[in-house]
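[1] Sharing a model prediction with you, sequence too.
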Amino acid sequence: MPRSIAVALAALLLMLVAGPASAQAKRKRFEFVGPGGSIQAAVDAARPGDKILVKGVHRENVAITTNGISLRGLGAVLRPPATPAQNACVDPSDPSGSINGFCVLGEGNFDTGEVTREVRNVTVSGFRIRGFSASGIFAFGAHNATFEGNVAKDNAEYGLAAFSSTGTRFLFNRASGSGEAGIYVGDSPKADALLWGNETSDNLFGIFVRNALGGKAVLNASHDNCLGVLVLGDAPGPAGDFRFIANRVSNNTKACPGNEEEMSDPVSGVGFALSGATGVNILGNRITGNVPSGESLFSGGVVVAKGDGGTAPTDNRVRGNVILRNQTDLVWDESGTGNVFRRNLCRTSTPAGLCG
């Protein structure tokens with residue numbers, strides 16, 4: 001055989017052998033963690049694109065810093081460990097050492113919110129996360145994180161929370177019994193968040209947007225909280241540019257006392273509150289039965305007012321909603337400019353004349 005033909009055949013054979021091996025190297029890996037196994041060990045060994053399937057009850061606090069990995073719970077439960085791992089899921093700002101359940105963490109400064117490296121395209125789905133002294137799921141410096149089909153119950157601060165993050169997707173989660181908010185989006189000037197099909201109940205706030213701009217909330221249910229949906233501007237920065245479409249915000253009658261240490265007022269019986277918010281659209285929602293059961297500084301189906309720091313609400317639009325059976329259906333303190341109330345089905349308002 002001529003040497004040139006032999007070399008060509010050898011090269012072709014090498015390609016045929018190497019091709020499948022190369023494809024195998026790029027193929028996503030699946031890791032299974034059963035009862036008694038370590039989720040954190042599987043996360044630490046994971047590469048971008050890997051999927052980790054989890055069953056059973058696990059007592060861990062799990063930090064995720066690798067791009068592109070997916071954790072899928074198959075009836076899995078995450079509970080606080082007797083001795084927390086000293087990873088980034090331990091709240092660095094809390095001297096008591098409060099711990100989060102799952103943390104999706106980029107790099108940066110927690111105090112200033114500056115992110116120096118994002119963690120990208122992480123998914124956490126299908127877990128029951130209960131009883132953590134901070135949050136069930138906590139993200140910082142995350143880009144395009146997805147939290148789907150999780151149940152966060154009785155966590156001391158937030159059920160699911162994203163700080164200094166962009167493109168976070170909260171899909172079909174349930175969050176209840178949180179000391180602060182069931183779902184939180186904060187400290188994110190380019191939040192671009194999506195909240196779709198979630199249910200929040202028995203929290204201080206069902207959904208809380210603070211110091212964050214950009215997002216959409218569709219087909220969520222927020223009920224039996226002290227306050228259903230809060231968009232809080234001016235403390236410490238602007239909040240808004242959010243669209244709330246076809247959500248059900250009802251029976252938020254729970255009473256939460258004020259907290260002197262945190263300088264918070266008692267609250268009960270509030271559906272939506274836009275406090276110093278800007279550019280919020282509340283369109284086609286059903287907002288009913290939000291009546292206080294205890295002391296509250298303010299109450300109503302939709303309340304639009306100045307923030308605690310004096311920032312006036314601007315360019316908010318409340319249109320085409322059913323707003324009925326609240327203590328007062330629509331409340332506006334008449335501050336700010338560009339606020340529009342139009343084509344809402346409601347009966348009572350302060351000042352008079354906002355319905356219709």
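    On my side now, so go ahead. Numbering: from 1, shown residues only.

[2] C-alpha from now on. contacts and neighbour counts both.
    OK.

[3] could you pull out the helices for this protein?
    In the chain, the helices defined using DSSP state H lie at 3-26, 39-45.

[4] In terms of mean pLDDT, which of those ranks lowest?
    The minimum mean pLDDT among the helices of the chain belongs to helix 3-26 (a mean of 45).

[5] Excluding sequence neighbours, find me the nearest residue to residue 309.
    Counting by Cα to Cα, 6 or more residues apart in numbering, residue 309 lies nearest to residue 234, which is 6.0 Å off, once chain neighbours are set aside.

[6] my guess is the one you found meets residue 307, correct?
    Yes - under the criterion of Cα atoms under 8 Å, residue 234 makes contact with residue 307 at 6.2 Å.

[7] Mind listing the shared neighbours of the two?
    Contact criterion Cα atoms under 8 Å, 6 or more residues apart in numbering; residues bridging residue 234 and residue 307 by contacting each: 276-277.

[8] What is the burial count for the nearest residue to residue 158 once chain neighbours are set aside?
    Excluding the flanking residues, the one nearest residue 158 by Cα to Cα, 6+ apart is residue 135, at 4.6 Å. Neighbour count for residue 135, taken as other Cα atoms under 10 Å: 33.

[9] So residue 135 sits against residue 156, correct?
    Yes - between residue 135 and residue 156 there is a contact under Cα under 8 Å: 6.5 Å.

[10] quick one: low-confidence parts of this structure?
    Counting by pLDDT under 70, the chain has low-confidence residues at 1-28, 91-96, 260-263.

[11] one more time with 80
    Scanning the chain for pLDDT under 80 picks out the ranges 1-28, 88, 91-97, 235, 259-264.

[12] Kindly list the longest strand within the protein.
    Assignment by DSSP state E gives strand 205-218 as the longest strand of the chain.

[13] Any buried residues in that strand, and which?
    Buried residues in strand 205-218, defined by neighbour count with 16 or more other Cα atoms under 10 Å: 205-218.

[14] what residues are up against the residue nearest to residue 158?
    99-101, 155-161 are the contacts of residue 135 under Cα under 8 Å, 6+ apart.

[15] Which of those residues fall in strands?
    Among the contacts of residue 135, the members that lie in strands (by DSSP E) are 160-161.
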